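[1] what follows is a predicted protein model with its sequence.
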Amino acid sequence: MTQTNTVAVAAPEALVLTDAERRRTGELADRLVRHEPAGTDDPAWLAAVRDASAELPTRLLTELRRFRHDAGPDGTLLVRNLPVSPVDGSTALPPTPTRPGSVERTASTAAAVITAAMLQLGDVIAYRNEKSGALVQNVVPVPGQETLQSNAGSVLLEMHNENAFHANRPDYVGLLCVRQDPEGEARLCTASVRRALPLLSERTRQVLSEERFLTEAPPSFGDQDGVLPAHAVLLGAPEDPDLLVDFSATHPLDDEARGAMAELRTVLTQVAQALALVAGDLAVVDNRLAVHGRTPFTPRYDGTDRWLHRVYASLDYRRSRPARTGGGSVLD
């Protein structure tokens with residue numbers, strides 16, 4: 001079945017910052033931009049952001065903590081009116097990057113904002129084989145990569161759990177819109193297993209709960225031989241399971257499993273939400289409960305294209321310690 005843009009569920013109610021809250025957040029972020037060192041991957045900068053994140057507006061802190069406790073039926077948090085450039089207007093946004101593997105190594109207002117928010121959900125992490133291990137990554141269309149099932153593509157991006165193949169996949173994925181695509185075509189699509197579960201047949205739930213699926217690494221990890229061992233798609237409590245699937249990289253091991261996965265895909269499409277992100281919108285997806293994807297759009301490659309910052313957060317930092325060489329934030 002081909003995914004459509006049909007949306008049966010209303011988008012989650014957004015937390016819209018007041019102008020005063022936006023200014024306060026921007027001033028905090030701009031202070032972090034001036035912090036030395038100002039490298040987004042530097043442990044000292046991360047420590048400064050972690051401490052400063054406690055100063056985020058109270059309403060934002062409250063929503064982040066509530067979401068961490070329970071991501072609700074949709075598994076998605078939407079925050080609007082965040083600053084992505086200096087509050088005093090001293091620096092304009094640069095053109096949207098177009099190079100492969102684009103990342104943010106130097107602190108900026110937008111990088112500080114998303115990092116501070118995600119540090120209220122967990123510890124930020126990255127993967128050595130993805131985007132060269134950068135903690136703040138750019139999601140931008142790249143010339144010549146239009147058809148890839150990755151963040152650099154511009155065709156329909158299939159619904160997926162982020163890094164579903166990895167044993168230490170992130171618990172949360174944060175996406176901050178720095179610049180909307182000029183035509184307003186792109187939509188971030190999300191779908192929650194909590195919405196989908198009641199629509200699945202009892203037999204399909206059973207099959208999806210059995211280790212009858214394999215998931216490969218995505219193109220963004222480069223040439224990889226890694227494949228997650230045979231796994232279930234529905235994990236944990238039968239009445240409130242986690243979800244583990246990538247519809248472009250998860251392969252059923254038998255015909256019955258193939259049929260169950262097709263039914264799941266149909267149901268997730270039925271309950272999907274399509275979010276039109278504009279500059280200053282932060283969408284946080286609970287990567288255990290919800291899959292996400294993106295509608296197709298047409299890049300211009302002229303510096304005005306869609307530009308998101310992406311940051312991952314993990315709830316259990318100790319769990320991944322064996323994979324974090326030297327105890328840093330980057331997983332092997």
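    Cool, the structure landed.
[2] tell me where the stretch 151-300 of the chain has helices.
    Here the stretch 151-300 of the chain has its helices, by DSSP state H, counting those that start in this stretch, at 193-196, 202-208, 255-270.
[3] so which of the ones you listed is the most surrounded?
    helix 193-196 (a mean of 23; mean count of other Cβ atoms under 10 Å). Yep, even glycine has a C-beta here, placed from its N, CA and C like the rest.
[4] what's that helix packed up against?
    Helix 193-196 sits against helix 255-270, with contacts defined as 3 or more Cβ pairs under 8 Å, 6 or more residues apart in numbering; DSSP states H and E.
[5] distance to residue 163 and mean pLDDT added to the helices of the stretch 151-300 of the chain, as a markdown table?
    Below are these laid out as a markdown table (distance: least, Cβ to Cβ, whole Å; pLDDT from 0 to 100):
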| stretch | distance to residue 163 | mean pLDDT |
| --- | --- | --- |
| helix 193-196 | 17 | 98 |
| helix 202-208 | 20 | 98 |
| helix 255-270 | 18 | 98 |
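[6] can you redo the ones you listed as JSON lines with distance to residue 63?
    Shown next, in JSON lines, are the helices of the stretch 151-300 of the chain (distance: least, Cβ to Cβ, whole Å):
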{"stretch": "helix 193-196", "distance to residue 63": "18"}
{"stretch": "helix 202-208", "distance to residue 63": "31"}
{"stretch": "helix 255-270", "distance to residue 63": "25"}
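[7] residue 143: which of those helices is closest?
    For residue 143, the closest of those is helix 255-270, at 29.7 Å, according to Cβ to Cβ.
[8] out of the helices of the stretch 151-300 of the chain, which is closest to residue 217?
    Per Cβ to Cβ, nearest to residue 217 of these: helix 255-270, 18.7 Å.
[9] just to revisit the earlier point, wait, which of the helices of the stretch 151-300 of the chain is closest to residue 303?
    helix 255-270 (33.7 Å).
[10] which elements pack onto the helix or strand hosting residue 65?
    Secondary structure assigned from DSSP states H and E places residue 65 in helix 58-69. Under the contact criterion of 3+ Cβ pairs under 8 Å, 6+ apart, helix 58-69 touches strand 15-16, helix 19-33, strand 76-80, strand 282-286.
[11] for the last one, what is the distance to the chain centroid?
    For strand 282-286, the separation from the chain centroid amounts to 6 Å (computed by Cα atoms, centre = their mean, to the nearest Å).
[12] just the angle between the one helix or strand residue 114 maps to and strand 282-286, please?
    Assigned by DSSP H and E, residue 114 belongs to helix 109-119. Here the directions of helix 109-119 and strand 282-286 differ by 30 degrees (axes from the mean of the first three to the mean of the last three Cα atoms, to 10 degrees).
[13] and the helix or strand following helix 109-119, how far from the chain's centre?
    The first helix or strand that comes after helix 109-119 along the chain, using DSSP H and E, is strand 123-127. Offset of strand 123-127 from its chain centre (Cα atoms, centre = their mean): 12 Å.
[14] pick the most buried one from the helices and strands packed on helix 58-69.
    Comparing the helices and strands packed on helix 58-69 by mean count of other Cβ under 10 Å gives strand 282-286 as most buried, with a mean of 26.
[15] got the angle between that strand and helix 58-69?
    20 degrees.
[16] output the helix holding residue 65 as CSV, nothing but the C-alphas.
    Extracted in CSV, the C-alpha atoms of helix 58-69 (Å, rounded to 0.1, in the frame of the first residue of the first chain):
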residue,chain,number,x,y,z
THR,A,58,7.8,27.7,33.2
ARG,A,59,5.0,26.7,30.8
LEU,A,60,7.5,25.1,28.4
LEU,A,61,9.3,23.2,31.3
THR,A,62,5.9,22.0,32.5
GLU,A,63,4.9,20.6,29.1
LEU,A,64,8.3,18.9,28.5
ARG,A,65,8.0,17.2,31.9
ARG,A,66,4.5,16.1,31.3
PHE,A,67,5.4,14.7,27.9
ARG,A,68,8.4,12.9,29.4
HIS,A,69,6.1,11.3,32.0
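[17] which outside residues touch it?
    15, 17, 21, 25, 54, 56, 77, 79, 117, 120-122, 284, 286, 315 (Cβ atoms under 8 Å, 6 or more residues apart in numbering).
[18] for it, buried residues please.
    By neighbour count with 16 or more other Cβ atoms under 10 Å, helix 58-69 contains the buried residues 60, 63-64, 67-68.
[19] could you pull up the mean pLDDT of that helix?
    Helix 58-69 shows a mean pLDDT of 98.
[20] residue ranges of the strands in the stretch 151-300 of the chain, please?
    157-160, 172-179, 188-192, 213-216, 227-231, 234-235, 242-243, 250-252, 273-275, 282-286, 290-294 (DSSP state E, counting those that start in this stretch).
[21] perfect, that will be all.
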